[in-house]
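Peer 1: Pasting the sequence and the predicted coordinates here, then a few questions.
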Amino acid sequence: MEPTADIRTAVDAIYRAESRRVLATLIRLLGDFDVAEEAVHEAFVAAVEQWPAEGIPGNPRAWLVSTGRFKAIDRLRRRAKHDVPLDDVAQQVEAIAAPQSPDDNEGVEDDRLRLIFTCCHPALAPEAQVALTLREVCGLTTEEIARAHLTPAATVAQRIVRAKAKIRDARIPYEVPGRGELEERLASVLRVVYLVFNEGYLASSGEALTRRDLSAEAIRLGRLLVELLPEPEAVGLLALMLLHESRRAARTTPEGELVLLSDQDRSLWDRAQIADAVRLVEAALATRRFGPYTIQAAIAALHAEAPSAEATDWPQIAGLYDVLLELSPSPVVELNRAVAIAMRDGPAAGLELVDALLAGAQLRDYHLAHAARADLCRRLGRSADARDSYIRALALTGQGPERRFLERRLAELG
Amino acid sequence: MRYLCLIYLDEKELAAMPEAEMSDLNARHLAFNDGLLASGHFIEAEALQPAAASTCVRVRNGRTALTDGPYAETKEMLAGFYLIEARDLNEAIQVAGRIPSAPTGTVEVRPCRDLEVDGVPRPASRKPR
């Protein structure tokens, strides 16, 4: 290979490994997303031009940060010739911070956290948080994000442009929140990560392949967060995502039909991912500062470790749902708790709880509540009631695989 | 990816622009081109003569029909274009926002597409990267 081609391969590898870190630091130094993105681009252009002759610097990241910073200053000075008064430019250049020592790894990792917290700032619309995080933190292109969300690229692009304008105009600070704010702001970050994961995991329509990439991206983000900020709930969320992901091969048939947890071929579960996740859950639980993600992960871990649906530790799962209900009360959690209690105490006990839930307003149009009722009635031999509930559930769901699953169950009733 | 940035300007405003101002705008466009060349975004750019100089060509049933263009009565007319290379649509939008005419006109950013032949996507452009 000729040396320049060699260098280009090296630059590509460094781009993949370092461009997000370089961006995160340059946003802090330059104080603006767009200016920083331009500077990152220019720094890599300079690398391709200069490294063949000068060799790859010992610390490429520090070189890129410092080059990007000088390029941005240059650009500001050039603009002074035209539309911006010289004083303003001088002021702007003055405001550009100098990089800390190039080997200050902690500072760099802080910048990545700053970037994550800023992209997931609660002042931004939820879909903007997702798009901005995927583009700025994960390095996905606008077009990749659009494909994964089945949204036109122009729509995603506008969300990103508006979000950046809001960060600039509302002066959303580029910082990791202090202790007092951290819990709430971290919750916002974790919500974005889990949203990205679920878009890749739950979606049953459209381009399955690109959507699976979203789950992988969310797990990568989860790992990054745990590495940078090992808060118990970040650990718990990573474990929860790994446990869901470990079952991916078993949760649908090759034809794309849905397979319920109790019917899955457990030999298809990814044992390495499960072991990884169980270790994380135990670590998070041990802190005694865990939250709803950790509890959900603990429930998923009990399922993952059970040799069969019958041999699952249902009493403990029901107990964990009690804890979850206290931490984050919601009718969906109550429904899951009712299903666990049906497994512990028998279908009649579960049906009583589900009927009470269906009497309320919140789950009346939730297809899974009717599907759960149908299943409990089926197990009690109440075929007519089961049929009614399957039909109701079918009327409420539009997803192909879920519909076909319910139709099969309905047909099995005879 | 490649993007075409189409610049639409009010031709009346353009015609009424004082000579010094026009000269300054043109100089900024040329400097901008150099900047894009240096940053690796530049593929091609042209400024266009007024829409009154344009001719539309249609061939129907083997006959060529010519008409004066443009046919639409809009205020802003196509006045020039940039063909650029960018990482994604948002980078292209950033570049488009820096085009010296952007503050007075409209820049439409259009992603280019490959031409599929027998299921194989092929770039239409013959310009080397």
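Peer 2: That came through fine. Residues are numbered from 1 along each chain as shown, chains lettered A, B, ... in the order given.
Peer 1: make it CA atoms for all contacts and neighbour counts henceforth
Peer 2: Noted.
Peer 1: For A:Leu228, see how far away B:Pro50 is.
Peer 2: Distance from B:Pro50 to A:Leu228, counting by C-alpha to C-alpha, to the nearest Å: 57 Å.
Peer 1: An error on my part: the question was meant for A:Thr67.
Peer 2: 26 Å.
Peer 1: which parts of the longest helix along chain B are buried?
Peer 2: Ordering each helix of chain B by length in residues (DSSP state H) puts helix B:19-39 first. Using 16 or more other C-alpha atoms under 10 Å in any protein chain shown as the test for burial, helix B:19-39 gives B:Arg28, B:His29, B:Phe32, B:Asn33, B:Leu36, B:Ser39.
Peer 1: Show me what the spatially most central residue of chain B is bridged to.
Peer 2: For chain B, B:Phe81 is the residue whose C-alpha lies nearest the centre (C-alpha atoms, centre = their mean; 1.6 Å). Note on B:Phe81: beta-bridge partners by DSSP bridges are B:Leu6, B:Glu46.
Peer 1: What parts of the stretch 101-250 of chain A come near chain B?
Peer 2: Contact residues (C-alpha under 8 Å from any C-alpha of the partner chain) of the stretch 101-250 of chain A with chain B: A:Thr141, A:Thr142, A:Glu143, A:Ala153, A:Ala154, A:Ala157, A:Ile160, A:Val161.
Peer 1: OK, contacts around the closest residue to the third one other than its chain neighbours?
Peer 2: Here the nearest residue to A:Glu143 in space, its sequence neighbours aside, is A:Ala153; by C-alpha to C-alpha, 6 or more residues apart in numbering or on different chains that works out to 5.4 Å. A:Ala153 makes contact with A:Thr142, A:Glu143, A:Ile145, A:Ala146, A:Arg147, B:Leu89 under the criterion C-alpha atoms under 8 Å, 6 or more residues apart in numbering or on different chains.
Peer 1: I'd like the distance between the residue of chain B most remote from its centre and A:Leu280.
Peer 2: Ranked by distance from the centre of chain B (C-alpha atoms, centre = their mean), the top residue is B:Asn61, with 31.0 Å. Plainly put, B:Asn61 is 72 Å away from A:Leu280 if you go by C-alpha to C-alpha.
Peer 1: about what we covered before: just the buried members of the residues of the stretch 101-250 of chain A next to chain B?
Peer 2: For those, a burial check counting by 16+ other C-alpha under 10 Å picks out A:Thr141, A:Thr142, A:Glu143, A:Ala153, A:Ala154, A:Ala157, A:Ile160, A:Val161.
Peer 1: Quick check: phi and psi on the fourth one?
Peer 2: According to degrees, to the nearest 10, the main-chain angles of A:Ala153 amount to phi -60, psi -40.
Peer 1: re the thing from before, spit out the contact partners of the residue nearest to the centre of chain B.
Peer 2: By C-alpha under 8 Å, 6+ apart, the neighbours of B:Phe81 are B:Leu4, B:Cys5, B:Leu6, B:Ile7, B:Ala45, B:Glu46, B:Ala47.
Peer 1: again, but for A:Ile56
Peer 2: A:Ile56 neighbours (C-alpha under 8 Å, 6+ apart): A:Ile7.
Peer 1: mind checking the SS state of it?
Peer 2: coil (DSSP: H, G, I helix; E, B strand; the rest coil).
Peer 1: Please apply the same query to the one 10 residues further on.
Peer 2: Secondary structure state of A:Ser66, per three-state DSSP, is helix.
Peer 1: Count residues in the vicinity of it, would you?
Peer 2: Counted by other C-alpha atoms under 10 Å in any protein chain shown, the residues lying close to A:Ser66 total 20.
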